[in-house]
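>>> Build me a model:
(one chain, ligands or ions: 1)
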Amino acid sequence: MRIRPRRNRRTAAIRALVEETSLRISSLIYPLFILPPKLAADEVSSMPGIFRRNPEDTLKEVEECLALGIASFILFPAVPEESKDPTATYSYHPDNFYLHTIRMIKTRFPEATVITDVAMDPYSSDGHDGLVKEGNILNDETLPILGKMSLAQAEAGADIIGPSDMMDGRVGYIRDVLDEKGYEEVAIMSYTAKYASACYGPFRDALDSAPKAGDKKTYQMNPANRREALREALLDEAEGADYLMVKPALPYLDVISDLNMSSTLPVVAYQVSGEYAMIKAAAAKGWLLEEAMVKETLTSIKRAGADAIITYFAKDLAAQA
Ligand code: PBG
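From the prediction side, this is the model:
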C-alpha cells in the first residue's frame with residue numbers, strides 16, 4: 001500500500017497541522033433572554049444553564065462574556081403577558097425594558113455587538129410572528145409593525161437588526177425605514193432560511209411565546225425543502241441583507257453549505273434551543289459527553305460553511321478555552 005491516509009493522523013501535532021476547520025470564540029454569538037427590571041434571574045426549565053435576567057443582571061453577564069472573549073450578543077425579551085396585545089405595540093413603546101437594555105449595554109460596553117430580534121411573537125397576545133386575522137397571518141399589514149420595531153431598536157443603539165419573522169419583503173421594508181431615518185450603518189441579519197422546526201420548544205418556554213392557535217407553517221419554511229432556501233437568499237440579498245442566517249443548524253447543514261457556495265454574504269447558523277436541550281439532556285443522563293458533543297457539532301456547522309454561529313454554548317466554550 002503506497003497511499004495511507006492514517007499517516008496524517010499519527011500524532012496530535014500532525015492532526016493539528018492538517019486540520020481544515022477551527023472554532024474561534026470571536027465567531028460565536030451568545031443569546032441573552034431579558035426580563036423586566038428587578039425580577040430575579042431564573043433558569044429556563046428546558047435549558048439548564050441558561051437564565052432569563054433583568055437588565056442590571058444582563059449587564060453583568062455581558063461584562064463576564066466580554067472578559068471571556070465573546071463580543072457578540074443576540075437579545076430576546078421575555079415580555080409579561082399584560083404587556084402583550086394583538087398588534088405588538090409594546091415592541092416600540094418608549095418604556096420598553098428590552099430597548100432600555102440595548103441602550104444600557106451599548107452605553108456601558110460600546111465595543112459589544114448587539115443584535116436584536118424583530119418579530120411580533122414575544123409581544124403578541126396571539127403568539128405569532130405576524131398580525132393575525134381570523135386565523136390567517138397577514139403579511140403586508142405586518143411590515144409597518146416590524147418597521148417601527150426595527151427603528152426603535154436602531155434608535156436604542158443596536159448594531160444589527162435581526163428579523164426572525166419570515167414575512168415576505170420585510171428585509172427591504174426595514175432597510176428603507178432605517179435608511180430614511182439616517183441609520184444606514186445599522187446592519188440587517190436576516191433569518192433567511194428559518195424552518196418550521198420542532199427544535200424551538202425550549203425557546204418558546206423561555207419567552208412564553210408559543211402560538212395560541214395554529215402553527216407557523218404558513219411563514220416558516222418546510223423542513224423538506226432545500227432549493228427554496230436559495231430563493232429566500234436571493235430575495236434577502238436583493239433587498240439589502242448584510243448576513244444570511246440558517247436556522248436550526250445541525251439538521252440543516254446542506255442548506256448552510258448551499259448558501260455559503262451561492263452567496264458572497266456572511267452565513268450565520270443558529271444552533272437553536274432544541275439542539276442545546278438535546279445535548280444537555282443526553283449529557284445529564286450520562287449518555288453523551290457534553291464538551292465533546294459541543295465541539296463536534298459546532299465544528300461541523302463551521303465545516304458546512306457557517307461564518308458565525310449563534311449558540312447557547314458560547315459562554316461555556318469560551319470559559320473552557
Ligand atoms: C421567533 C423566534 C424563535 C426563535 C428565535 N426567534 C422561535 C419561533 O419561531 O417560534 C427560536 C430560537 C431557538 O429555538 O433557540 N421569532
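>>> So which residues of the stretch 101-250 of the chain form helices?
Counting by DSSP state H, counting those that start in this stretch, the stretch 101-250 of the chain has helices at residues 143-155, 170-180, 201-207, 227-239.
>>> To the ligand, which of those helices lies closest?
Nearest to the ligand, of all those, is helix 201-207, at 3.2 Å by Cβ to the nearest ligand atom. For the C-beta atoms, the positions are set from N, CA and C on the backbone; glycine is no exception.
>>> and that closest one, what's its mean pLDDT?
Helix 201-207 shows an average pLDDT of 94 in the prediction.
>>> Against which helices or strands is that helix packed?
When contacts are defined as 3 or more Cβ pairs under 8 Å, 6 or more residues apart in numbering; DSSP states H and E, helix 201-207 packs onto strand 72-77, helix 273-284.
>>> and those as JSON lines, adding mean neighbour count?
Converted to JSON lines, those look like this (neighbours: other Cβ atoms under 10 Å):
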{"stretch": "strand 72-77", "mean neighbour count": "22"}
{"stretch": "helix 273-284", "mean neighbour count": "19"}
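>>> Can I get the ones you listed in TSV including distance to residue 43?
Formatted as TSV, the helices and strands packed on helix 201-207 follow (distance: least, Cβ to Cβ, whole Å):
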stretch	distance to residue 43
strand 72-77	15
helix 273-284	12
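>>> looking at these, which is closest to the ligand?
Across these, the ligand has its closest neighbour in helix 273-284 (3.4 Å, Cβ to the nearest ligand atom).
>>> residues contacting residue 14?
Residue 14 makes contact with residue 8 under the criterion Cβ atoms under 8 Å, 6 or more residues apart in numbering.
>>> how about the residues of the chain near the ligand?
When proximity is defined by Cβ under 6 Å from any ligand atom, the chain lies next to the ligand at 117, 119, 121, 129, 164-165, 200, 203-204, 216, 272-273.
>>> By pLDDT, give me the weakest of the residues you listed.
Among the residues of the chain next to the ligand, residue 204 carries the lowest pLDDT, at 93.
>>> In contact with that residue, which residues?
Residue 204 neighbours (Cβ under 8 Å, 6+ apart): residue 210.
>>> Could I get the contacting residues of the residue lying closest to residue 191 once chain neighbours are set aside?
Nearest residue to residue 191, sequence neighbours excluded (Cβ to Cβ, 6 or more residues apart in numbering): residue 164, at 4.4 Å. By Cβ under 8 Å, 6+ apart, the contact list for residue 164 reads 117-119, 129, 191, 194.
>>> which two from the residues of the chain next to the ligand end up farthest apart in space?
The distance between the two most remote of those (Cβ to Cβ) is 17.4 Å, for 165 and 273.
>>> Enumerate every residue touching residue 80.
residue 36.
>>> how close does it get to the ligand?
Distance of residue 80 to the ligand, given as Cβ to the nearest ligand atom, to the nearest Å: 18 Å.
>>> How about residue 317?
Relative to the ligand, and taking Cβ to the nearest ligand atom, residue 317 is found at 16 Å.
>>> cool, residue 41 as well?
For residue 41, the distance to the ligand (Cβ to the nearest ligand atom) stands at 19 Å.
>>> can you give me phi and psi for that residue?
Residue 41 adopts backbone torsions of phi -60, psi 140, taken as degrees, to the nearest 10.
>>> what number of residues lie near it?
14 (other Cβ atoms under 10 Å).
>>> again, but for the one 10 residues further on
Using other Cβ under 10 Å, residue 51 has 17 neighbouring residues.
>>> ok, it - contacts?
33, 41-44.
>>> so which of those residues comes closest to residue 234?
residue 33 (32.7 Å).
>>> so the residue nearest to that closest one when sequence neighbours are not counted bridges to which residues?
Nearest residue to residue 33, sequence neighbours excluded (Cβ to Cβ, 6+ apart): residue 52, at 4.2 Å. Note on residue 52: beta-bridge partners residue 33, residue 42, judged by DSSP bridges.
>>> Would you confirm that residue 268 contacts residue 302?
No: here residue 268 lies out of contact with residue 302, judged by Cβ atoms under 8 Å, at a distance of 11.4 Å.
>>> Could you name every residue contacting both of those two?
In contact with both residue 268 and residue 302: residue 309, using Cβ under 8 Å, 6+ apart.
>>> Between the two, which is the more surrounded one?
Taking other Cβ under 10 Å, residue 268 and residue 302 do not tie; residue 268 has more neighbours (28 against 20).
>>> Can you list phi and psi of the more buried one for me?
Backbone torsions of residue 268, given as degrees, to the nearest 10, read phi -110, psi 140.
>>> In terms of pLDDT, where does residue 236 sit?
Note on residue 236: pLDDT of 98.
>>> Which residues are in contact with the nearest residue to it once chain neighbours are set aside?
Nearest-residue entry for residue 236: residue 190, 4.5 Å, with adjacent residues in sequence omitted and distances by Cβ to Cβ, 6+ apart. By Cβ under 8 Å, 6+ apart, residue 190 lies in contact with 162-163, 171, 236, 241, 243-245.
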